[in-house]
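Chemist: I'll drop the sequence and a predicted model, then ask my questions.
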Amino acid sequence: MRRRCRAPGRAGPGRGLAGGGGAAGVWLELGARGRDRAGRSSRRPALPWLRLGADMAEEKEGAAAEAIIADIQKKITDAFEVFDHECNKTADVREIGTIIRSLGCCPSESELHDMLAEVEEEEPTGYIRLEKFLPMMTKVLMERRYRPIPEDVLLRAFEVLDANKCGHLTKEELVKYMTEEGEPFTQEEMEEMLSAAVDPETNTVRYRDYITMMVVDEN
Amino acid sequence: MGCGTSVTGSRAKKSERAIKAAILIQRWYRCYMARLEMRRQYALSIFQSIEYAEEQAQLQLSSFFTFMLDHFTHLNETDTGSDVQLLEYERMIEVPDSYHGPRLSFPLTVADTNSLLHAFKDQQHLHARYVLQLLHETKKLLKQMPNIIHLSTSYSKEITICGDLHGKLDDLLLIFYKNGLPSEENPYLFNGDFVDRGKNSIEILIILFSFLLVYPNHLHLNRGNHEDHIVNLRYGFTKEVMKKYRSHGKKILNLLQDVYSWLPLATVIDSKVLIVHGGISDTTDLDFLNLFKRNKMKSVLRPPRQDIAVKGMTRPSSSSSHRRQYTSDLLDVGKHMWLLNDGVNSGPLLEAQYLESSVRMPSVPSELTAKEWKQVVDILWSDPKNQNGCTPNKVRGGGCYFGPDVTARLLKRYNLKMLIRSHECKQEGYEISHHGQVITIFSASNYYEDGSNRGAYLKLNPDLIPRFVQYQVSKCTRKQTLHQRVSVVEWSALKSLREKLYSRRSELIAAFRQYDPNYTGRISATEWASAMESVLHLDLPWRTLRSRLVQLAPDGSVEYLSCFNDLEIEPAIKEVQPALVETLYRYRTDLEIIFNIIDKDHSGLISIEEFRQTWKLFNSHLKIDIDDESIDNLARSIDFNKDGSIDFNEFLEAFHVVNKFENK
């Protein structure tokens, strides 16, 4: 297989003009019109700046984008296959959330719900097929939706909950917020979080330390 | 208006912020957990793939092992039909005064079972004489039972059903602790796979058989696919017995073969619940299964004689060499059959005859027919799948994958409500599938590794509604976080996988090089994944595992040689070529089995000549490309004291892969 150039400096169509997310959106719009995935379209693209430049430049950029998409699709397929226990390109609907999150996305439960609605069968079978999941997920990744939460944002969230600004939360406070507000945790999720978050010496949640530890764990 | 509202307003705003913050934290946390879950999943896939690939490999070598067994062992020689002789023989084994373990007296009573439990908790062994007597009595009892046992719940409250134990005594003791000992009020059924892998297989058998003798109507056993002496050769039980019982080990293993073959194949409760170890197939015929002589099935790896001549091969007339034809609808045995049967071109066979062995064919009980064999293999080896249909179980090499339609049809045909089976490790210890008609129950927690899975048992009341109880044996008292637990399992799985990589190093490098003609040392992720799968056939998510197995260049391409970086094999002898070392490493388990077969007196030594000839046989069977001279040199170098014999255990132990970062 030919190696494709994926150097970050290379501009895809529209990049720098419409911003990161926009560029990907542009690319996929072309794809969605039914021509090939890479967006190489024999139809005239709607956006005027794409008409500029030699055909060859377009081709080259088409090739680069195609490579990006192909790579993303392989990544998605591989993650999907971990849960494809029957080796027939289907996965249990209850595991789709895990698959999506393991691909680096961080949707909320309700956002997850929406995504699932897009890929479920008309008559829910309990299974999601790869052929439906792949385009949806490709789009999500290309558009860089549901980005992971940066450490500082997470820290600020904890600080919001820390009403007295004392640098830690009590166990009870954390439990109250996590199980009563927002998209509540199950008991199992709560217990699991507490087992790592509670500092055994002070019996409180020293969130700064907790966050640092979790981030290190991941890497 | 005024203060009040603004206070409320700001309070409301504050609360809204808090909710947003909470959602954010929840989002982040679930993401983190999902990634952990992914790592755990693929760690388990790795373990499972390797396990099933090994099972398949063993089945593929079955005809070879069968040949070896027929020619080099006298396992079948001891005619275990003459019970009187054995009993006397047992009386002839003296139990020394220095022995402080349990002393059983037959017929067994609760006092005996209690003393056994006590002793095993203290890690004592039961003396060989009692083991033999126990096995003898167990066989006598099992012989009276039908192939399919019918039970009723009407006389007791609940029956407890346990799945695979695989030699894990701690799990059995935990079950007894939580659920009580077997008794008339507390009946149990153990659904096969009591042995192999764990280190207390014999103790588990002893406990189960003793309770069987004390409560024959309240303790029930089904045969599993590991209740098979050939499978035991590879998966550790044979080794365990030989190690614990030395010279008596062989007698024990012989008798065990018979005991295994008399274990019931299935159980039916209240005519509504069918319990088998593996599963079913679309041809499973319970009436047929109940009728044939089940003890003919000694091992799944001795498939039955084929009644018709194989196309293109002429069946030799029954000659003095008495070589039998083996066939299996699972394997391509064409070339093997030639090797076994053609009296004219017997290449390696001639050399085999050179080895000291009795070529006299043992008297074998009347043959299994192909149909009987398939029916039993299906029961013991099949796995359920979620899609309809029934396909051969290629992954394991035996039985099939059966879909919900197959289950539904069988249950309907025999007017049953559900099927309970074991055979597969499940993360939660149990799993319900086929719309509630199939339950998998697995009772060995931490099966692959500490923390890999829970164990479970189920309780069935007269309403036939199952109730599950889960547990997990734990060495440490401090509760570990999920991250710690997953890390342990993941690390262990990756270690097994990397050992596999190492054992196929040359082939892998050759495959990588196909994509890298200029020797840059790098190939793309896709090329790497495809090369890995083409050599290893483990069907794993290579791209996802990529970062855990190799180093990646900044552009994402794979530095393919880096996966061999931290590992090296410490060869027994310095001057041996790496290719030979790698080959021996790869086949070390098979070699161990073969050596154990040849080593008749289980002394741990075989003669140089036997080693050489065996290797040549093995070599020609598997078409490994190692020249004779290398083997001769190797053989000579292993014989350290030059007395013409090789301590093969030492030899094999030397070929282990050493991870430079062993205690990461």
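Modeler: Noted; the coordinates are in hand. Numbers count the residues shown, from 1 in each chain, chains lettered A, B, ... in the order given.
Chemist: okay, CA-based contacts and neighbour counts for the rest of this
Modeler: Fine.
Chemist: torsion angles phi and psi at residue B:198?
Modeler: With angles defined as degrees, to the nearest 10, residue B:198 sits at phi -70, psi 170.
Chemist: what secondary structure does the residue nearest to it when sequence neighbours are not counted sit in?
Modeler: Among residues not flanking residue B:198 along the chain, residue B:167 sits closest, at 4.0 Å (CA to CA, 6 or more residues apart in numbering or on different chains). Following DSSP: H, G, I helix; E, B strand; the rest coil, the label given to residue B:167 is coil.
Chemist: residue B:264 too?
Modeler: coil.
Chemist: and the nearest residue to it once chain neighbours are set aside, how many neighbours?
Modeler: In this structure, residue B:264 finds its nearest non-sequential neighbour in residue B:147, 4.8 Å apart by CA to CA, 6+ apart. Residue B:147 has 24 neighbours, counted by other CA atoms under 10 Å in any protein chain shown.
Chemist: again, but for the one 10 residues further on
Modeler: Neighbours of residue B:157 under the rule other CA under 10 Å: 14.
Chemist: show the contacting residues for it.
Modeler: Taking CA atoms under 8 Å, 6 or more residues apart in numbering or on different chains, we find residue B:157 in contact with B:185, B:461, B:462.
Chemist: is any part of the helix ranked longest in chain A close to chain B?
Modeler: Identified as the longest helix of chain A according to DSSP state H is helix A:55-82. Yes. Helix A:55-82 lies within reach of chain B by CA under 8 Å from any CA of the partner chain, at A:75, A:78, A:79, A:81, A:82.
Chemist: tell me which other helices or strands that helix touches.
Modeler: helix A:96-102, helix A:130-142, helix B:3-60, helix B:542-549 (3 or more CA pairs under 8 Å, 6 or more residues apart in numbering or on different chains; DSSP states H and E).
Chemist: run the chain-centre distance for the longest one.
Modeler: Right, the one you point to is helix B:3-60. 33 Å (CA atoms, centre = their mean, to the nearest Å).
Chemist: what's the mean pLDDT across it?
Modeler: For helix B:3-60, the mean per-residue pLDDT is 81.
Chemist: what angle do it and helix B:542-549 make?
Modeler: 90 degrees (axes from the mean of the first three to the mean of the last three CA atoms, to 10 degrees).
Chemist: residue contacts, the residue nearest to residue B:264?
Modeler: B:263, B:264, B:265, B:266, B:289, B:290, B:291, B:294.
Chemist: ok, now how distant is it from residue B:222?
Modeler: Using CA to CA, to the nearest Å, residue B:147 is found at 9 Å from residue B:222.
Chemist: who touches both of these two?
Modeler: In contact with both residue B:147 and residue B:222: B:263, B:264, B:265, B:266, using CA under 8 Å, 6+ apart.
Chemist: could you dump the contacts of residue B:147 into CSV with neighbour count and pLDDT added?
Modeler: Listed next are the contacts of residue B:147 as CSV, based on neighbours: other CA atoms under 10 Å in any protein chain shown; pLDDT from 0 to 100:
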residue, neighbour count, pLDDT
B:263, 26, 96
B:264, 24, 96
B:265, 25, 96
B:266, 26, 96
B:289, 20, 91
B:290, 16, 91
B:291, 11, 89
B:294, 21, 89
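Chemist: farthest pair within those residues?
Modeler: B:263 and B:291 (14.4 Å; CA to CA).
Chemist: what's the mean pLDDT across the strand or helix carrying residue A:215?
Modeler: Assigned by DSSP states H and E, residue A:215 belongs to helix A:207-218. In this model, helix A:207-218 has a mean pLDDT of 83.
Chemist: tilt between it and helix B:3-60?
Modeler: 20 degrees.
Chemist: and helix A:207-218, which residues are buried?
Modeler: A:207, A:208, A:210, A:211 (16 or more other CA atoms under 10 Å in any protein chain shown).
Chemist: ok, now stretch A:82-95?
Modeler: Under 16+ other CA under 10 Å, the buried positions of stretch A:82-95 are A:82, A:83, A:84, A:89, A:90, A:91, A:93, A:95.
Chemist: helix/strand/coil for residue A:115?
Modeler: helix.
Chemist: how about the longest helix of chain A: buried residues?
Modeler: Of the residues in helix A:55-82, those buried (16+ other CA under 10 Å) are A:58, A:61-69, A:72-82.
Chemist: same check on stretch A:113-120?
Modeler: A:115, A:116, A:119, A:120.
Chemist: run through the residues of chain A sitting next to chain B.
Modeler: A:1, A:3, A:6-7, A:75, A:78-79, A:81-83, A:86, A:97-99, A:101-102, A:105-109, A:148-149, A:154, A:157-158, A:160-161, A:177-178, A:181-185, A:192, A:195-196, A:217.
Chemist: helix or strand with the lowest mean pLDDT in the chain?
Modeler: Let's take chain A. helix A:19-32 (a mean of 33; mean pLDDT, DSSP states H and E).
Chemist: I was thinking of chain B, sorry if that wasn't clear
Modeler: Quick look at chain B via mean pLDDT, DSSP H and E: least confident is helix B:334-341, a mean of 29.
Chemist: give me the number of residues near residue B:379?
Modeler: Residue B:379, neighbours per other CA under 10 Å, totals 26.
Chemist: how about residue B:204?
Modeler: There are 23 residues near residue B:204, going by other CA under 10 Å.
Chemist: work out for me the element residue A:177 sits within.
Modeler: Using DSSP H and E, residue A:177 falls in helix A:171-180.
Chemist: hmm, who's touching that helix?
Modeler: In contact with helix A:171-180 (CA under 8 Å, 6+ apart) are residues A:184-187, A:190, A:194, A:198, A:203-205, B:19, B:22, B:26.
Chemist: filter the residues you listed to the buried ones?
Modeler: By 16+ other CA under 10 Å, those give A:184, A:185, A:194, A:198, A:204, A:205, B:19, B:22, B:26 as buried.
Chemist: kindly indicate which of those lies nearest residue B:413.
Modeler: residue A:185 (45.2 Å).
Chemist: quick one, what contacts the closest one?
Modeler: A:178, A:179, B:26.
Chemist: pLDDT wise, what is the second one at?
Modeler: Right, the one you point to is residue A:179. 91.
Chemist: that one: neighbour count?
Modeler: Neighbours of residue A:179 using other CA under 10 Å come to 17.
Chemist: one step back: out of the shared contacts of residue B:147 and residue B:222, which comes closest to residue B:105?
Modeler: Nearest member of these to residue B:105, counting by CA to CA, is residue B:263, at 23.1 Å.
Chemist: all the helices of the stretch 351-500 of chain B, in order from the start?
Modeler: B:370-381, B:404-413, B:482-503 (DSSP state H, counting those that start in this stretch).
Chemist: name the SS class of the residue nearest the centre of chain A, please.
Modeler: With distances taken as CA atoms, centre = their mean, the residue of chain A nearest its centroid is residue A:105 (2.2 Å). Three-state call for residue A:105 (three-state DSSP): coil.
Chemist: correct me, but it touches residue A:142?
Modeler: No. Counting by CA atoms under 8 Å, residue A:142 is not a contact partner of residue A:105; they are 11.4 Å apart.
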